[in-house]
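*Asks:* The amino acid sequence is not available; the structure is as follows:
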């Protein structure tokens, strides 16, 4: 392949990666379809939801919900509470809204186009927060986690999950990602952290922690 061809390929791959971070337009709709139908994505989101041990009356927030797979899993469990989701992509808000249409109509799910840098108000304290493969896109993760901690009730839980998507990612890549997430949560004042791993290729790490007021 020529140098020009290699450069074009790299730009194309870079553009696709950016679409997964902030889906827009036709390419964004395609990225959303991939995220919704890739088996590993479905397994990963269902697994993280199960780790949070959500109860029927809980109030739960997902940061960066994408096509709404985890939102749907949460809505199945939260029958008397409320599930909130924020995502900066209008394309993802539309796709996730279609996927969760019935729960939205029932008033159990609310999806908002926003970012972790500009959190909307949720009224009463939250019981749980999750973010799957989105922390890497946050400009200042520790500051954002400080703000999220203030949204939780005492004893509230948070789950940050990462399945590395860089070329050549391995179990060691996942282990390093888990250490980074653990460090971010600790620096933000969360306690009782633990790490769970799902054996996909590459593995998924989920770091869970609790907000315990001083």
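*Replies:* Arrived safely. Source: prediction; values computed, not measured. Numbers count the residues shown, from 1 in each chain.
*Asks:* isn't residue 169 right up against residue 204?
*Replies:* No - using C-beta atoms under 8 Å, residue 169 is not in contact with residue 204, being 10.9 Å away. (C-beta placed from N, C-alpha, C; glycine too.)
*Asks:* And the longest strand anywhere in the chain, what's buried?
*Replies:* Longest strand in the chain by number of residues (criterion: DSSP state E): strand 152-162. Residues of strand 152-162 classed as buried by neighbour count (16 or more other C-beta atoms under 10 Å): 152, 156-162.
*Asks:* May I have the residues that are in contact with residue 94?
*Replies:* By C-beta atoms under 8 Å, 6 or more residues apart in numbering, no residues touch residue 94.
*Asks:* Does the nearest residue to residue 47 once chain neighbours are set aside have any beta-bridge partners, and if so which?
*Replies:* In this structure, residue 47 finds its nearest non-sequential neighbour in residue 198, 5.0 Å apart by C-beta to C-beta, 6 or more residues apart in numbering. Beta bridges link residue 198 to residue 204, judged by DSSP bridges.
*Asks:* and residue 53, what are its phi and psi?
*Replies:* Main-chain dihedrals, residue 53, degrees, to the nearest 10: phi 50, psi 50.
*Asks:* wait, I meant residue 176
*Replies:* phi -70, psi -40.
*Asks:* How many residues are close by it?
*Replies:* 15 (other C-beta atoms under 10 Å).
*Asks:* Likewise for residue 114?
*Replies:* Residues within reach of residue 114, counting by other C-beta under 10 Å, total 15.
*Asks:* quick one: the strands in this protein?
*Replies:* 59-63, 82-87, 109-113, 126-132, 152-162, 191-198, 204-210.
*Asks:* Switch these over to CSV; also include mean pLDDT.
*Replies:* Converted to CSV, the strands of the chain look like this (pLDDT from 0 to 100):
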stretch, mean pLDDT
strand 59-63, 98
strand 82-87, 97
strand 109-113, 97
strand 126-132, 98
strand 152-162, 97
strand 191-198, 97
strand 204-210, 98
